[in-house]
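K.L.:
Give me coordinates for this.
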Amino acid sequence: MSRFWSPVVRTLSPYVPGEQPKNQDGIVKLNTNENPYPPSPRALAAISAAAERLRLYPDPGATALRETIARTYRVAPEEVFVGNGSDEVLAHTFQALLKHDAPLLFPDITYSFYPVYSRLYGVSYEEVPLDAAMRLEIADYRRPCSAILFANPNAPTGIALPRQSIEALLAEHPDQLVVVDEAYVDFGGESAVPLVARHDNLLVVQTLSKSRALAGLRVGFAIGQRPLIEALERVKDSFNSYPLDCLAIAGAVAAIEDDSWFQETRRRIMASREALVRDLAGLGFEVLPSAANFVFARHPRRSGAELAKALRERGVLVRHFNKPRIADFLRITVGSEEQCARLIALARDLV
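P.N.:
Next up, the predicted model:
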């Protein structure tokens with residue numbers, strides 16, 4: 001601590017990201033839900049070509065990217081907001097739209113950045129427990145609140161809520177904002193974006209980190225009706241007018257436009273996920289139903305901490321959360337066929 005710290009800094013418990021080893025030689029990283037395949041060649045070519053513009057400031061409105069997202073998702077460009085990864089988009093959402101007198105509601109088991117942002121921005125919140133099967137029940141959100149936030153598919157469980165249930169939730173809360181964090185939706189979930197036109201209380205957040213294999217580029221976006229997007233723009237332009245550099249804008253546009261790469265890569269990952277689920281179940285693991293690029297699993301005879309430690313010692317990283325209700329689970333990223341095979345071979349010896 002320092003005497004120069006602001007009071008808020010003393011109270012923070014910062015988000016802890018998954019381990020990123022400095023030396024990754026021989027390491028199988030299945031702990032941060034990265035895409036196991038290289039990005040679209042068209043995206044890489046676009047990034048390289050954009051390098052000649054590095055002496056200039058980028059377009060502060062990222063117009064080309066917003067127009068590309070709008071065409072892809074069949075919305076208007078003015079209904080699209082872009083930022084430096086979906087984490088920044090969510091941070092601006094907390095500041096611009098979620099700080100009210102009544103509490104914000106989100107699940108007790110979900111993306112652990114939500115309570116971090118709540119404390120950082122002074123947002124009152126309540127955690128709503130998932131049910132015994134680790135599912136979100138919309139009936140549990142029938143309580144006073146200012147807004148509702150949840151990841152769909154949820155993280156770290158991987159369980160998805162169907163679009164019909166999201167629309168029912170929106171209808172039950174017409175005067176509260178509902179934010180749906182769709183970081184993993186491209187791996188089998190139903191996006192809520194088609195509901196935006198009918199619901200002014202819906203904001204959908206997505207990222208290019210997972211399904212587009214661009215975690216290192218840091219590009220995220222939100223889709224909502226214009227008043228919500230304007231609020232995000234007001235915060236962004238009071239904080240950083242240039243959140244996306246010219247390389248990120250060019251690479252993101254090309255990645256979104258390369259639909260054949262996108263479809264083939266997500267197909268491979270979903271096929272690997274189903275094989276991984278079968279193999280883990282064959283070893284006695286309980287595996288929750290996943291619509292994401294990871295699975296959430298536990299074994300009745302080994303603790304999650306023990307398995308994570310043993311796998312790490314053998315060169316395979318998975319994510320373990322030492323938290324109530326989920327301490328025995330491992331979140332395992334769906335890697336390549338070879339990476340998943342190595343995980344299963346080691347797990348067979350360990351259980």
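K.L.:
The closest residue in space to residue 215 that isn't next to it in sequence: how many residues sit nearby?
P.N.:
With Cβ to Cβ, 6 or more residues apart in numbering as the criterion, residue 215 has its nearest non-adjacent residue at 3.9 Å, and that residue is residue 209. Where C-beta positions appear, they are placed from N, C-alpha and C, glycine not excepted. Residue 209 has 22 neighbours, counted by other Cβ atoms under 10 Å.
K.L.:
Go ahead and confirm residue 209 touches residue 183.
P.N.:
Yes: when contacts are counted by Cβ atoms under 8 Å, residue 209 is listed as touching residue 183 (7.3 Å).
K.L.:
Any chance you could list residues touching both of these two?
P.N.:
When contacts are counted by Cβ atoms under 8 Å, 6 or more residues apart in numbering, the set common to residue 209 and residue 183 consists of residue 86.
K.L.:
Do a quick rundown of the strands in the protein.
P.N.:
28-30, 80-83, 104-107, 125-128, 147-151, 177-181, 202-207, 220-224, 286-287, 294-298, 316-320, 330-333 (DSSP state E).
K.L.:
Single out the most deeply packed of those.
P.N.:
strand 330-333 (a mean of 28; mean count of other Cβ atoms under 10 Å).
K.L.:
ok, that one: who's next to it in the sheet?
P.N.:
With DSSP bridges as the test, strand 330-333 is paired with strand 294-298 (antiparallel), strand 316-320 (antiparallel).
K.L.:
starting at the chain centroid, how far to it?
P.N.:
Strand 330-333 sits 14 Å away from the centroid of its parent chain (Cα atoms, centre = their mean, to the nearest Å).
K.L.:
again with stretch 260-267
P.N.:
Distance of stretch 260-267 from its chain centroid, counting by Cα atoms, centre = their mean, is 19 Å.
K.L.:
and what of stretch 76-94?
P.N.:
Stretch 76-94 has its C-alpha centroid displaced from the chain centroid by 13 Å (Cα atoms, centre = their mean).
K.L.:
Flag every buried residue along that stretch.
P.N.:
Buried positions in stretch 76-94, judged by neighbour count with 16 or more other Cβ atoms under 10 Å: 77, 79-94.
K.L.:
for stretch 277-296, same thing?
P.N.:
Buried residues in stretch 277-296, defined by neighbour count with 16+ other Cβ under 10 Å: 277, 279-280, 285, 287-296.
K.L.:
what's the closest of those residues to residue 251?
P.N.:
Taking Cβ to Cβ as the measure, residue 251 sits nearest to residue 293 out of the buried residues of stretch 277-296, at 19.8 Å.
K.L.:
The closest one and residue 332 touch, don't they?
P.N.:
No: between residue 293 and residue 332 there is no contact under Cβ under 8 Å: 10.3 Å.
K.L.:
And the helices in this protein?
P.N.:
When assigned using DSSP state H, the helices of the chain occupy the ranges 7-11, 41-50, 63-73, 85-97, 113-121, 163-172, 226-236, 246-257, 259-282, 304-313, 337-350.
K.L.:
how about CSV for these, with mean pLDDT and distance to residue 145 added?
P.N.:
Converted to CSV, the helices of the chain look like this (pLDDT from 0 to 100; distance: least, Cβ to Cβ, whole Å):
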stretch, mean pLDDT, distance to residue 145
helix 7-11, 91, 23
helix 41-50, 98, 39
helix 63-73, 98, 27
helix 85-97, 98, 13
helix 113-121, 96, 13
helix 163-172, 98, 11
helix 226-236, 98, 17
helix 246-257, 98, 33
helix 259-282, 98, 33
helix 304-313, 97, 32
helix 337-350, 97, 40
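K.L.:
can you list these in TSV and add distance to residue 204?
P.N.:
Shown next, in TSV, are the helices of the chain (distance: least, Cβ to Cβ, whole Å):
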stretch	distance to residue 204
helix 7-11	29
helix 41-50	22
helix 63-73	9
helix 85-97	10
helix 113-121	16
helix 163-172	10
helix 226-236	10
helix 246-257	15
helix 259-282	18
helix 304-313	32
helix 337-350	30
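K.L.:
Show me the one of the ones you listed that comes nearest residue 135.
P.N.:
Per Cβ to Cβ, nearest to residue 135 of those: helix 163-172, 10.1 Å.
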